[in-house]
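J.: Have a look at this prediction, sequence included:
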Amino acid sequence: MPIYDFIIIGLGTAGSATCMTLARRGFRVLGIDKHRPPHAMGSHHGASRSVRRAYLEGTAYVPMAMKSWELWRKLERDSGRDLLVATGNLTIGPPDSPAVAGFMASAQTYDIPHAVFNASEVLKKWPQLALPDIFVAGLEKEAGIVFPELSIKTFLAEAEKAGADLVFDEPVNRWSEDHGHVQVHTARRAFEAGRVLISAGAWTNGLLELPESPLQPKRVPVHWIEVPEDPSLRLGNFPVSFWQVPDHERLQAPKNHTEFYILPVIHPSSQMKIALHNKLADCDPMTLDRSVFPHEVDGIKEMIGRFLPRLRHCPITSEVCMYTMTYDGHFYLGKRPGSENVYGTALAGHGFKFAPVLGEILADLMTDVSSEVDIKMFSPDRFS
Ligand SMILES: Cc1cc2nc3c(=O)[nH]c(=O)nc-3n(C[C@H](O)[C@H](O)[C@H](O)COP(=O)(O)OP(=O)(O)OC[C@H]3O[C@@H](n4cnc5c(N)ncnc54)[C@H](O)[C@@H]3O)c2cc1C
């Protein structure tokens, strides 16, 4: 049976980056995926992922986000590929909304260059965006987009260059651990390693085999608006925007809100991406219906009519992606409770931007090196 230092189950976002990092550190690494990443069956497809540092989800993420930006740029230099393009990022909502307050806290605490606009200033700068009068928009100037498919290809190419063995189109069915070793079984064969990472995205939940799982896969309908030719809507000219809209009619004192995001057109496509970020239905990745339902399209059309009214008559196409949510919306990174040598990840719907730093963090964790960034809040033990 082939023996490795580490086996990585799932070579998508977290898995491909960790595989690269461990192989570069000189370990014997095997990566296995049931498909051939990048692909459109998990959580990483769809041409673009936003990258920002003034992190509205909490100031604790900012040091990681800063490190990740540096590492994206380093990966570009190492690989000779353009992966990250700055385009600006707007956080939009009422001034007292958790999103705007979170953005401001992160930007001010870490001195991240930013500006705040009222609704009419936004309309002047980006005439397609229609904000209710009481809304504001926090702009992080040097935020942008990474290309997820090209990024994963790059992590895997760099992993192979550093000596990792990669196996594709072969699902892992089960694993077992005893006496300091872990065996990983596919339908055809078995492999052994000192430690194993389960980074299987929406399938992590099943593979971790926990009696009570804190992870919940969600179906994420993603919609593409076919926009008229207009260079001002393109990546580099048009910002990413994240919206938090109170459900309350008067748009004040938000307790419940709808969150969605809009990403610019990536030339030569003529499509702008829009998707809901919350209020997502639970799903089982094994039986996921990948058709998009009429009520999902109607819901997004309503948001377009309200907040992108100039684009309300544009045709829409849709597809389905998945998130793996935790109860608190934060990442799940670390040793599986009850295991000595099996680790797990879940990225709660906002992990792509952190891929290179997650590779470093997971490689540190699995080699008992203390991490440069504080990751206590992501520990699986918080759910015990
Ligand atoms: C529509 C959408 C938009 C998003 N936008 C952003 C954004 O703008 N910014 C951001 O930072 N994040 C964003 N995210 C979140 C981010 O993309 C995810 O958090 C991230 O891709 C999850 O990575 P992962 O490694 O957990 O899963 P994946 O990338 O899906 O990788 C899991 C891999 O495991 C493999 N696998 C599964 N089961 C097995 C098995 N049994 N054996 C072997 N291999 C297996 C799969 O084939 C897959 O390749 C978005 C997500 C979605 C769905």
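T.: Yep, it's here.
J.: Tell me where the stretch 201-350 of the chain has strands.
T.: For the stretch 201-350 of the chain, strands defined by DSSP state E, counting those that start in this stretch occupy the ranges 215-226, 240-246, 257-263, 271-276, 281-282, 316-326, 332-335, 342-346.
J.: Of all the ones you listed, which one is nearest residue 55?
T.: Residue 55 lies closest to strand 240-246 among the strands of the stretch 201-350 of the chain, at 10.8 Å (CB to CB). Every C-beta, even on glycine, is put in place using the N, C-alpha and C of the backbone.
J.: Put the alpha carbons of the closest one into CSV.
T.: Extracted C-alpha coordinates of strand 240-246, given in CSV (Å, rounded to 0.1, in the frame of the first residue of the first chain):
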residue,chain,number,x,y,z
VAL,A,240,-18.0,44.2,-6.6
SER,A,241,-20.9,45.1,-4.3
PHE,A,242,-22.2,43.3,-1.2
TRP,A,243,-25.7,44.3,-0.1
GLN,A,244,-27.5,43.9,3.2
VAL,A,245,-31.1,44.9,2.9
PRO,A,246,-33.3,45.0,6.0
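J.: what's it packed up against?
T.: Using 3 or more CB pairs under 8 Å, 6 or more residues apart in numbering; DSSP states H and E as the contact test, the elements touching strand 240-246 are strand 89-93, helix 98-109, strand 257-263.
J.: for these, which one sits closest to the ligand?
T.: Across those, the ligand has its closest neighbour in strand 257-263 (6.7 Å, CB to the nearest ligand atom).
J.: Now for the closest residue to the ligand within the chain: which residues touch it?
T.: Of all residues in the chain, the one sitting closest to the ligand is residue 12 (1.9 Å; CB to the nearest ligand atom). By CB atoms under 8 Å, 6 or more residues apart in numbering, the residues touching residue 12 are 33, 37, 38, 42, 43, 44, 152, 199, 200, 201.
J.: Does the fifth one touch residue 325 like I think?
T.: When you say that, I think you mean residue 43. No: the criterion here is CB atoms under 8 Å, and residue 43 misses it with residue 325 at 11.0 Å.
J.: which of these two has more neighbours?
T.: Comparing residue 43 with residue 325 by neighbour count (other CB atoms under 10 Å), the higher total belongs to residue 43, at 24 against 21.
J.: Next up, the contacts around the more buried one.
T.: Residue 43 neighbours (CB under 8 Å, 6+ apart): 12, 13, 201, 202, 321, 322, 323, 324, 347.
J.: what about it, which SS state?
T.: Judged by DSSP: H, G, I helix; E, B strand; the rest coil, the three-state class of residue 43 is coil.
J.: That one and residue 106: what is the separation?
T.: Applying CB to CB, to the nearest Å, the value for residue 43 to residue 106 is 24 Å.
J.: and the host helix or strand of residue 359, does that touch the ligand?
T.: Secondary structure assignment for residue 359, by DSSP states H and E: helix 355-366. No: Helix 355-366 is not in contact with the ligand by CB under 6 Å from any ligand atom; minimum separation 7.7 Å.
J.: Report the angle between that helix and strand 342-346.
T.: Between helix 355-366 and strand 342-346, the angle comes out at 160 degrees (axes from the mean of the first three to the mean of the last three CA atoms, to 10 degrees).
J.: for helix 355-366, what is the average pLDDT?
T.: Helix 355-366 carries an average pLDDT of 98.
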